[in-house]
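J.: This is the structure alone, sequence omitted:
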C-alpha cells in the first residue's frame, strides 16, 4: 500500500491518502482528497503543490510518486481567472 501526505495550506497537521502502485495521477489524487475531506467538485477545485520543490502540478495526468508530501489549496471551480484589469498607482512628489 502506497501513500501521499497532504496538508491544507491553512492547517497545521497533515493527513494521508492511500493508493495502490508506485505513483498516482494528479486527477486521482484530487479525487481521493476530495472524497476524504467530503468536498464537492461543483463547489471547489484543488491546487496541488509539491511540498519540497514548491512546484505546482497542473497536468491532470502528472504522476506523483508514492510517499510524497503535497500542499493543497482550495480554489473556485474552474480555477482562478485573471481580472483583466491593471492597477495604476500615481504618486505625487
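T.: On my side now, so go ahead. This structure is a prediction, so every number in the text was calculated from the model and none was measured.

J.: For the chain, give me the ranges with low pLDDT.
T.: 79-88, 93 (pLDDT under 70).

J.: can you pull out the strands in it?
T.: 2-8, 15-19, 23-25, 45-50, 56-57, 63-65, 69-75 (DSSP state E).

J.: Which elements pack onto the fifth one?
T.: In other words, strand 56-57. strand 45-50 (3 or more CB pairs under 8 Å, 6 or more residues apart in numbering; DSSP states H and E). For every residue, glycine as well, the C-beta is placed using N, CA and C.

J.: Name every strand pairing with the strand it packs on and say which way it goes.
T.: Sheet partners assigned to strand 45-50 using DSSP bridges are listed as strand 56-57 (antiparallel), strand 69-75 (antiparallel).

J.: between those, which gets nearest to residue 38?
T.: strand 69-75 (12.9 Å; CB to CB).

J.: buried sites along the closest one?
T.: For strand 69-75, burial by neighbour count (16 or more other CB atoms under 10 Å) applies to 70, 71, 72.
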